[in-house]
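Asker: predicted model and sequence below, questions to follow.
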Amino acid sequence: MINRASPVLRSEVLTTVSYHDVELPVYACYLGSEALDAPVLVFTGGVHGVERIGCQVVLAFMETLVQRLQWDHSLINGLDNLRLLFIPLVNPVGVILQTRANGSSVDLMRNAPVEAEHRVPLFIGGHRLTSILPWYRGKKEAPMEPEAQALCQALTSQLQHSPFTLSLDVHSGYGFFDRLWFPLASSYRPIENLPEIYALYDLLESTYPNLDYVFEPQSRQYLAHGDLWDYLYLNHAQNGQVFLPLTLEMGSWNWVKKNPSQLLSAVGLFNPVKPHRTQRVLRRHTILLEFFIRAARAHEQWLPKISKPSSREQLRQQALSLWY
């Protein structure tokens, strides 16, 4: 895709990871504005190697946009003042091995130096006991894994200059419902940008009332150590800038319910196996991803104004009532 779509689709290698003496690249791909101060929309997938459907959703949407940029002038013009960043495959060795962790047996979503403020669920919330068990965080004093570092550095470079950054990290494997999670995963505390999160939620609900997503803080389900998005959010010096990181957690239990034989493989727990179900999943989330493009491009129209603290406080109270 990179070779076909160049120079419209710009790319760089963020890092490489070794697998059997082969260096595998972690790609970042860009569409749209090259202005440093442009708003940015980020799509990531494949953080957990076994959740390959997340990578497929991001790649399929990127392919759609690349094709549309050949003829769709509304999209071409719309990207004049918006930059799209895609990191479709954060954990290439994990995808090859069909494991949650990377090639060093570390769970990248438990790898950041963030400690949960309360007790986390045993194992699933992150641990340092042994790399044999899933959700292993890595050694305490060790630096973050190369893939995690590359993701954080790529996002940080965007956050330094962009007035508005919205990110969506695509996962699967939790429950019967598709969920949109926002930080914090490490605390029950509401985030500073709760009014902005609620404004985005309200915009989605009012624009597409029939979309079936559970929009909530991750802490409503469980707490975890080492969440990369917590780390990025908590270390973002805002200075009037807005950063809203979201995670799409696709409810894979529905796929298992319809095809119980998927329980016989680890991949089947996290991905649709039947081809028609894969196609349905790739179609299902297109409206949501398109919505995020429009919302990021028009962020000044719906974000609460910092100059109007009463308006932000009203949104905060509505969010607290709904989620906390």
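Answerer: All right, it came through fine.

Asker: make it CA atoms for all contacts and neighbour counts henceforth
Answerer: Fine.

Asker: and stretch 132-147, how far out from the chain middle?
Answerer: In terms of CA atoms, centre = their mean, to the nearest Å, the centre of stretch 132-147 is set 20 Å apart from its chain centre.

Asker: flag every buried residue along stretch 6-17.
Answerer: 9-11, 14-17 (16 or more other CA atoms under 10 Å).

Asker: next: stretch 294-313.
Answerer: Neighbour count says stretch 294-313 has 295-297, 299, 303-304, 312 buried, by 16+ other CA under 10 Å.

Asker: average model confidence for it?
Answerer: Averaged across stretch 294-313, pLDDT comes to 90.

Asker: how distant is that stretch from the center of its chain?
Answerer: With CA atoms, centre = their mean, you get 22 Å for stretch 294-313.

Asker: how long is it end to end?
Answerer: 25 Å (CA to CA, to the nearest Å).

Asker: same check, this time on stretch 19-39
Answerer: 36 Å.

Asker: burial check on L288, number of neighbours?
Answerer: L288 has 13 neighbours, counted by other CA atoms under 10 Å.

Asker: before we move on, which element is it in?
Answerer: Assessed by DSSP states H and E, L288 sits inside helix 286-297.

Asker: likewise Q317?
Answerer: For Q317, the host element (DSSP H and E) is helix 309-323.

Asker: helices or strands up against that helix?
Answerer: Identification of packing neighbours for helix 309-323 by 3 or more CA pairs under 8 Å, 6 or more residues apart in numbering; DSSP states H and E yields helix 194-207.

Asker: in a helix, S105, correct?
Answerer: No: assigned with DSSP: H, G, I helix; E, B strand; the rest coil, S105 falls outside any helix and is coil.

Asker: close enough to count as contact, it and Y136?
Answerer: Yes: if you go by CA atoms under 8 Å, S105 and Y136 touch, sitting 7.2 Å apart.

Asker: look at those two and report which has more neighbours.
Answerer: Set S105 next to Y136 and count neighbours by other CA under 10 Å: Y136 wins out with 25 against 19.

Asker: pull the most distant pair out of the buried residues of stretch 294-313.
Answerer: The span of these, defined through CA to CA, is set by R297 and R312 at 20.7 Å.

Asker: what comes into contact with the helix or strand hosting D169?
Answerer: Using DSSP H and E, the element containing D169 is strand 164-172. Contact with strand 164-172 is made by 38-48, 51, 53-55, 57-58, 158-159, 241-252, 270-271, 296, 299, as judged by CA atoms under 8 Å, 6 or more residues apart in numbering.

Asker: and the helices in the stretch 101-250 of the chain?
Answerer: Here the stretch 101-250 of the chain has its helices, by DSSP state H, counting those that start in this stretch, at 146-159, 194-207, 228-234.
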